[in-house]
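1. Requesting a structural model of the entry that follows:
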Amino acid sequence: MDVETLVPVAMFVAFITLLFTGYPVAWILGGLSIIFAIVGQYTDAYFDTFYGTDWAYTAITIDRIWDVMKNWVLVALPMFIFMGLMLDRSGIAEQLMTNFVKLFGRVRGGLAVTITLIGVLLAASTGIIGASVVLLALLGLPIMLRGGYRHELAVGTVCSVGTLGILIPPSIMLVLMADRLAMSVGDLFLGALFPGLLLGALYVLYILGVSYLRPQVAPIPPDAEPVSLKVVFNVLLAVLPPAGLILAVLGTIFFGVATPTEASGVGAFGATLLAWANKKLNLEVIRDVAQQTTKTTAFIFAIFLGATAFTLVLRGLGGDELIESALEGLPFGPTGIVIAILFMTFLLGFFLDWIEITLIVLPLVGPVVVNLGFDLVWFTVLFAVCLQTSFLTPPVGFALFYVKGVAPKEITVSTIYRSVIPFILVQLTGLTLVFVWQDIVTWLPATAYGE
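-> Numbering: from 1, shown residues only. Sure, this is the predicted structure:
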């Protein structure tokens, strides 16, 4: 391996290695950017290489970081985070749980189906995975365990369904992806809608199939109420508030009434109104939600700035050309290269958070996919579906830790790990369907814009 190849490889290997130290990722990214920018300059001087990390390039990197901070699209991030956190405090999920349990209580596996449907509604209202998983675990796990559900099915349902918010719009991951690839957020929101709903439908099919093939896994509660018109009416009433919020946010984007940034403000205000209507809004809630929004936004932006510098320095060292030549040199056709990228992303999800993969890996592989002739919206949504598994795959699957933190004592770590295996396979099935039938992603944006 020559010097020109060694330095960018060493930069990426150093990043992976330092992650296991537990040091904040943002500082790792920023620190490595400074160190390897200097290394690139001294390598140019002593080894007669042609790296582009001189002081002029460093100034360009600083300008790029400043451009990130003043990007109007990213204003949507704190607003969507506020919307999700406020919705979790509004009491909407509790109302949905109470009424959906009555509707599906007499269906085998109905309690897990209830969790899935509520999870889909929450996903379309908030992209805060930690809040969604914890809320579903607190509401759903006790009910399913009291109903005699097998621990693996109950825990796996909560873990997997809680991660849908990272894919179903409005999703903060899609906002970040759109910024990294200079794409329209609206295009990604439209493209990701059907794949997200498809995953929800696959979860329901899996739960119903397992419940009927193995009745002991999900028994029908003996005290389940019969379904009546009153129960159906109460379910509709419970669904109306979150459905109205979803329509207010996504509808204004899809119909061109508002930009995603403006719609995020509508969502934040709407979630606050719902909390007020349910008598859950007070100064303490507003303070807690505002503080948590600030912390989460600061965490994301710190990584964002570090990843921006890291990516630009890596490009200055020739890392993007190295990755492009390595991918194009694979003994596969264009389709095989895309599969290899997705497989690499799936493996990285075992060790890296979705933020690092989105901010570092996606900008490097996106141009390669475009050069191969694939639709960028389709690939980005496919990449997002693949990244969703990173929340479930140990040892860094955050959904697993969220559940463990609030689950009853009888739920062990090994139980949690076993519980997510079938749901990861279901997600990979959904990924395969989106890969094979591109229209699942491209049809809605093309129809909306008349292309």
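2. right, and the helix or strand after the lowest-mean-pLDDT helix or strand in the chain?
-> None of the helices or strands of the chain scores lower by mean pLDDT, DSSP states H and E than helix 55-69, at a mean of 61. Proceeding N to C from helix 55-69, the next assigned helix or strand is helix 76-89, under DSSP states H and E.
3. by contact count, what packs against that following helix?
-> On a contact count with 3 or more C-beta pairs under 8 Å, 6 or more residues apart in numbering; DSSP states H and E, helix 76-89 meets helix 129-146, helix 172-180, helix 260-277, helix 283-316. The C-beta positions use only the backbone N, C-alpha and C, and glycine is treated the same way.
4. Give me the contact list for the first one.
-> Under the contact criterion C-beta atoms under 8 Å, 6 or more residues apart in numbering, helix 129-146 has outside partners 84-85, 88, 93-94, 97, 101, 111-112, 114-115, 118-119, 122-123, 126, 151, 153-155, 157-159, 161-166, 391, 398-399, 402-403, 405-408, 411.
5. now with 6 Å?
-> 88, 93, 97, 111, 115, 119, 122, 154, 158, 162-163, 165-166, 399, 402-403, 406 (C-beta atoms under 6 Å, 6 or more residues apart in numbering).
6. so how far is it off the chain centroid?
-> The chain centre lies 19 Å from the centre of helix 129-146; the measure is C-alpha atoms, centre = their mean, to the nearest Å.
7. Can you name the next helix or strand after it?
-> helix 151-162.
8. that older thread, would you mind checking the contacts of helix 129-146 for buried ones?
-> The neighbour count (16 or more other C-beta atoms under 10 Å) marks 88, 93, 97, 111, 115, 119, 122, 154, 158, 162-163, 165-166, 399, 402-403 as buried among those.
9. returning to that earlier point: among the contacts of helix 129-146, which are in helices?
-> 88, 93, 97, 111, 115, 119, 122, 154, 158, 162, 399, 402-403, 406 (DSSP state H).
10. Columns pLDDT on top of those residues, output as TSV?
-> Output for the ones in helices among the contacts of helix 129-146, formatted as TSV (pLDDT from 0 to 100):
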residue	pLDDT
88	77
93	77
97	79
111	86
115	88
119	85
122	80
154	90
158	90
162	85
399	81
402	78
403	83
406	76
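11. on that earlier part again, which members of the buried ones among the contacts of helix 129-146 are the farthest-apart pair?
-> Spatial extent of the buried ones among the contacts of helix 129-146 (C-beta to C-beta) is set by the pair 111 and 166 at 23.9 Å.
12. Quickly note the distance from the most centrally placed residue in the chain to residue 367.
-> Nearest residue to the geometric centre of the chain (C-alpha atoms, centre = their mean): residue 166, 2.6 Å. Per C-beta to C-beta, to the nearest Å, residue 166 is found 24 Å from residue 367.
13. What lies in contact with stretch 319-328?
-> Counting by C-beta under 6 Å, 6+ apart, 8, 337, 364, 368 sit against stretch 319-328.
14. Can you tell me which of the residues you listed has the largest number of neighbours?
-> Comparing the contacts of stretch 319-328 by number of neighbours (other C-beta atoms under 10 Å), residue 8 comes first, having 23 neighbours.
15. Pretty sure it sits against residue 313.
-> No - using C-beta atoms under 6 Å, residue 8 is not in contact with residue 313, being 9.2 Å away.
16. okay, now residue 248: neighbour count?
-> Per other C-beta under 10 Å, the neighbour tally for residue 248 reads 18.
17. How about residue 259?
-> Residue 259, neighbours per other C-beta under 10 Å, totals 18.
18. So for it, what's the nearest residue that isn't a sequence neighbour?
-> Using C-beta to C-beta, 6 or more residues apart in numbering and skipping the chain neighbours, the partner closest in space to residue 259 is residue 253 (7.4 Å).
19. Let me see the contact set for the one you found.
-> If you count contacts by C-beta under 6 Å, 6+ apart, then residue 253 has 186, 260, 263 around it.
20. any idea how far the last one is from residue 164?
-> Remark: distance between residue 263 and residue 164 (C-beta to C-beta) = 19 Å.
21. Over to residue 180?
-> 22 Å.
22. Where does pLDDT dip in the stretch 201-350 of the chain?
-> The stretch 201-350 of the chain contains residues with pLDDT under 70 at 223-225, 320.
23. at 50 instead, please
-> Within the stretch 201-350 of the chain, no stretch has pLDDT under 50.
24. again with the stretch 1-150 of the chain
-> Looking at the stretch 1-150 of the chain by pLDDT under 50, you get 47, 50.
25. give me the number of residues near the nearest residue to residue 150 once chain neighbours are set aside?
-> In this structure, residue 150 finds its nearest non-sequential neighbour in residue 217, 4.4 Å apart by C-beta to C-beta, 6+ apart. For residue 217, the neighbour count with other C-beta under 10 Å is 20.
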